Structures are given as structure tokens and as C-alpha cells.
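In: Compute the structure for the input listed below.
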Amino acid sequence: MRIAILSDIHANIQALTRVFDRCDAEGVDEIVCLGDVVGYGGNPNECCDLLRERCSVVLMGNHDAATVGVMDADYYYESAKKVLYWSRSVLTEENFLWLYSLPYTHQRPELDLGLYHAAPIMPSSFYYVVRNEEAEALTRMKVGLFAHNFIGHSHLTTTYEYNGKKVKDISGHYAYKSGCRYLVNVGSVGQPRDRNPDACFVVFDSDTKDVSHVRVQYDVAGASQKIREVGHDEKFARRLALGV
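Out: Numbering: from 1, shown residues only. Predicted structure coming up:
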């Protein structure tokens, strides 16, 4: 089974539409989303509608949680907080209730697969995993980690391998080894921050254990213009072209 794993859409319908086109071209069997449907971008309802239609699983990200009120919005800096409040005001009742209903995690024991928005430990706390030290802390969980664990939140594309003794950053050099466990940051569809502006997602083959980061070009100018039209901070528009 080939599963497309998306994350951090951030109300960027231009990027999301192109990513779904690529998923169709790839012929994936299933599409899942690790959360952060809203925030930063200008099309929250359109992204909710499309994800509800196309994904078998959508998780709750921290921006989703703050938008619907199950996370304190004061955690965010002022311009990000304004987007959260704006998103809350423009979401349809149907989409608001759908976001509110989303789970924090999803596991597939039969595939030895775990899906999370952020770090698998205490998922509602939305801890980051961007360094070896953070990955090492997670491996101290003697139970709970699957062979493959996919996360978003950081908007990066790092991959960590745990062989039972130590953690190794294998970003860009993944090759499955039996007995190892993997923690994979899938990147961001709508707000990439690895200095590549192209939308990013992962295709995971549960039979071959292949993990591939896929990049997709999209209408960055259109997404940026929409951010400006709705009155969000200019930096949210500007950073799309830079991938930071």
C-alpha cells in the first residue's frame, strides 16, 4: 500500500490543490494529513473542504487546536494569533466543528505505522523534533514507537533512525533496515521552511518500506496575494517564495 502523508497545509489552497494532483499522478492508495490545516494562509475553508473530501485521516495540529479553542492562543506571537482569530471568524460552522473533532494521533499496528502532528509523546503538547537530542529523548519510550513514525509541525524534512542503541540523523539518506525504528518529518505543504519553496509531502510504501519526500511546484504568487488580500502579516506572504 502506498500512502501519501501530508502536513502543515496552513490554508494554502494553491499548494494543496497541486499536491493532490501529484498524489493522483503517483497513484497512491490513500492520503492522510497530520494537521495544521489552518493558520498563516488565506483559504481555510477551501482547504478544510478539500481535505475532508480526499483524506482518510486528518489529525489536529496546534494551529487547528488554537483556532477552535482547545489550545490557548496566547502561546502564539501577535501576528500569528491574529490569523488564528481571523480563521475562527471565517470558518463555516461545519468546518469549525470538523476541526474540533479531529484526533491527535492515528496508529496502524498492522502496518507498524504511527501518525502524529508533533512528537509522539504527549501529542496534545505539540513538542518539536528537529534535533538529534529530541529524537533520542523519544527513543527512551520503550513502548509506543512503531517501525515508522511520521510527524509534521517543524515544516522540515529530517529523518532519524534508531537501531536500539543510538539515534542517527539520516536525512536525505534513508534506507530501511529491519529492526530499526524511524522518525520522519514529512515537511510542509503550505509553509515549507527548509529553504525550498516547493510544497512537500511523503509517500510511504508499506510493502517495500520506501519513504520518499516529494516536492511540488505551485502558484506561490497566488498564495502570497491571497494572504495580502485578507490582511495577514506581510511576512507570511513573503516567506513562501523563500521556503523559510
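In: Now the phi/psi pair for the nearest residue to Met71 once chain neighbours are set aside, please.
Out: Of all residues not flanking Met71 in the chain, Ala65 sits nearest, at 3.7 Å (C-beta to C-beta, 6 or more residues apart in numbering). Placement of C-beta: from N, CA and C, glycine included. Torsion angles at Ala65 (phi, psi; degrees, to the nearest 10) stand at phi -60, psi -40.
In: The one 5 residues further on now?
Out: Here the main-chain torsion angles of Val70 (degrees, to the nearest 10) amount to phi -100, psi 0.
In: how many other residues sit next to the residue nearest to Met71?
Out: Neighbourhood size, Ala65 [other C-beta atoms under 10 Å]: 24.
In: likewise Arg52?
Out: Neighbour number of Arg52 under other C-beta under 10 Å is 14.
In: Would you enumerate the residues in contact with it?
Out: Val58, Asn95, Trp98 (C-beta atoms under 8 Å, 6 or more residues apart in numbering).
In: buried stuff in the helix or strand hosting the last one?
Out: Using DSSP states H and E, the secondary-structure element containing Trp98 is helix 93-101. Applying a neighbour-count criterion of 16 or more other C-beta atoms under 10 Å, one finds Asn95, Phe96, Trp98, Leu99 buried in helix 93-101.
In: quick one: low-confidence parts of this structure?
Out: 130-144 (pLDDT under 70).
In: So the residue in the chain sticking out farthest from the centre, which state does it fall into?
Out: Most distant from the centre of the chain: Lys165, at 28.2 Å, with distances by C-alpha atoms, centre = their mean. Recorded secondary structure, Lys165: coil (DSSP: H, G, I helix; E, B strand; the rest coil).
In: isn't Phe236 right next to Lys226, touching?
Out: No. Counting by C-beta atoms under 8 Å, Phe236 sits too far from Lys226 to count as a contact (10.4 Å).
In: Can you check which residues contact both of those two?
Out: Joint contacts of Phe236 and Lys226 (C-beta under 8 Å, 6+ apart) are Gly41.
In: now the host helix or strand of Leu84: how far from the chain's centre is it?
Out: Using DSSP H and E, the element containing Leu84 is helix 78-90. The chain centre lies 19 Å from the centre of helix 78-90; the measure is C-alpha atoms, centre = their mean, to the nearest Å.
In: tilt between that helix and helix 93-101?
Out: 130 degrees (axes from the mean of the first three to the mean of the last three C-alpha atoms, to 10 degrees).
In: Flag every buried residue along helix 78-90.
Out: Ala80, Val83, Leu84, Trp86, Ser87, Arg88, Val90.
In: cool, and stretch 33-53?
Out: 33-51.
In: picking that back up, show me the contacts for the residue farthest from the centre of the chain.
Out: Applying C-beta under 8 Å, 6+ apart, no residues contact Lys165.
In: Ok, Phe201 next?
Out: Contacts of Phe201 (C-beta under 8 Å, 6+ apart): Ala4, Ile5, Leu6, Ser7, Val19, Cys23, Val186, Gly187, Val189, His213, Val214, Val216.
In: would JSON lines of the residues you listed with secondary structure, neighbour count and distance to His153 be doable?
Out: Supplementary listing: the contacts of Phe201 in JSON lines, determined by DSSP: H, G, I helix; E, B strand; the rest coil; neighbours: other C-beta atoms under 10 Å; distance: C-beta to C-beta, whole Å:
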{"residue": "Ala4", "secondary structure": "strand", "neighbour count": "24", "distance to His153": "18"}
{"residue": "Ile5", "secondary structure": "strand", "neighbour count": "26", "distance to His153": "13"}
{"residue": "Leu6", "secondary structure": "strand", "neighbour count": "30", "distance to His153": "13"}
{"residue": "Ser7", "secondary structure": "coil", "neighbour count": "32", "distance to His153": "7"}
{"residue": "Val19", "secondary structure": "helix", "neighbour count": "26", "distance to His153": "18"}
{"residue": "Cys23", "secondary structure": "helix", "neighbour count": "20", "distance to His153": "21"}
{"residue": "Val186", "secondary structure": "coil", "neighbour count": "31", "distance to His153": "10"}
{"residue": "Gly187", "secondary structure": "coil", "neighbour count": "28", "distance to His153": "11"}
{"residue": "Val189", "secondary structure": "coil", "neighbour count": "28", "distance to His153": "13"}
{"residue": "His213", "secondary structure": "strand", "neighbour count": "19", "distance to His153": "16"}
{"residue": "Val214", "secondary structure": "strand", "neighbour count": "19", "distance to His153": "19"}
{"residue": "Val216", "secondary structure": "strand", "neighbour count": "19", "distance to His153": "20"}
